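Chemist: Quick one, what's the 3D model for this:
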Amino acid sequence: MTTETTNAPALADQAAETIRSLNHATLPYGGGLAFPGDAYSTVGNLCTLAMRLPQALHQVRAFIDRQHENGDLYSDQGPEDLVARVTSLRGATGDAVRAAEALYAALEQAHIALSPIGARGHNLDDEEGEMPCGEGMCQCYCVGAGHPCGCDCPHDDDCDCDFCDARDQY
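Modeler: The predicted structure is shown next:
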């Protein structure tokens with residue numbers, strides 16, 4: 001049983017540790033990437049992560065701004081230092097938001113670039129071309145494997161291929 005927390009520092013720590021685990025999984029022999037579709041999904045999820053960062057940064061800054069406006073903050077370096085640090089925080093979080101937005105845009109382009117890429121083999125003869133949906137094999141973009149057509153291509157939630165069924169169990 002997992003316990004959910006709304007403690008922001010703990011959640012940020014979990015996110016950082018998850019990215020650390022992702023870094024290990026994406027090593028050449030880390031086992032986290034088996035098909036081009038795995039890279040596509042990974043980049044897509046990182047794109048979503050980058051898209052959400054600006055909101056968190058704005059909210060942290062807004063929290064400190066409210067605390068400062070209410071007179072609830074101090075600096076052990078003195079009142080002038082507090083003003084300078086709050087001002088610095090505003091500038092730095094603004095820079096971080098712009099960097100996250102640029103990261104999101106770059107990851108979105110990488111995600112788009114990965115979209116049509118699949119792995120050769122896996123019961124799909126690239127030389128003969130892909131058969132239209134409903135007429136044999138189609139490319140399952142979620143794992144880069146061919147499967148009997150029956151879903152809307154590219155992969156969607158209705159895909160019933162064995163690869164997707166196995167992955168959905170985890």
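Chemist: Every contact and neighbour count from this point should use C-alpha atoms.
Modeler: Will do.
Chemist: Just the pLDDT for Cys138.
Modeler: Here the pLDDT value assigned to Cys138 is 52.
Chemist: Over to Gly121?
Modeler: Listed pLDDT for Gly121 reads 76.
Chemist: Near it, how many other residues are there?
Modeler: By other C-alpha atoms under 10 Å, the residues close to Gly121 number 11.
Chemist: same check, this time on Asn23
Modeler: 12.
Chemist: Which strands or helices does the helix ranked longest in the chain pack on?
Modeler: In the chain, taking DSSP state H as the definition, the longest helix is helix 79-114. Helices and strands touching helix 79-114, by 3 or more C-alpha pairs under 8 Å, 6 or more residues apart in numbering; DSSP states H and E, are helix 36-69.
Chemist: Which secondary structure elements does the helix it packs on sit against?
Modeler: Looks like helix 36-69 contacts helix 79-114 (3+ C-alpha pairs under 8 Å, 6+ apart).
Chemist: Now do the helix it packs on against helix 36-69, angle only.
Modeler: Per axes from the mean of the first three to the mean of the last three C-alpha atoms, to 10 degrees, the angle that helix 79-114 makes with helix 36-69 is 160 degrees.
Chemist: Report the mean confidence score over helix 79-114.
Modeler: Rounded mean pLDDT across helix 79-114 is 97.
Chemist: cool, stretch 62-72 as well?
Modeler: Mean predicted confidence for stretch 62-72 is 97.
Chemist: contacts for that stretch?
Modeler: If you take C-alpha atoms under 8 Å, 6 or more residues apart in numbering as the criterion, stretch 62-72 is touched by Leu73, Val86.
Chemist: Grab the CA positions of that stretch and hand them over as PDB.
Modeler: This file holds the C-alpha atoms of stretch 62-72, laid out as PDB (Å, rounded to 0.1, in the frame of the first residue of the first chain):
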ATOM      1  CA  ALA A  62       3.500  32.900  -5.500                       C
ATOM      2  CA  PHE A  63       3.700  31.200  -2.100                       C
ATOM      3  CA  ILE A  64       6.900  33.100  -1.200                       C
ATOM      4  CA  ASP A  65       5.400  36.300  -2.500                       C
ATOM      5  CA  ARG A  66       2.300  35.900  -0.300                       C
ATOM      6  CA  GLN A  67       4.400  35.100   2.700                       C
ATOM      7  CA  HIS A  68       6.600  38.100   2.100                       C
ATOM      8  CA  GLU A  69       3.600  40.400   1.600                       C
ATOM      9  CA  ASN A  70       2.100  39.200   4.800                       C
ATOM     10  CA  GLY A  71       5.300  39.900   6.700                       C
ATOM     11  CA  ASP A  72       5.800  36.300   7.600                       C
END
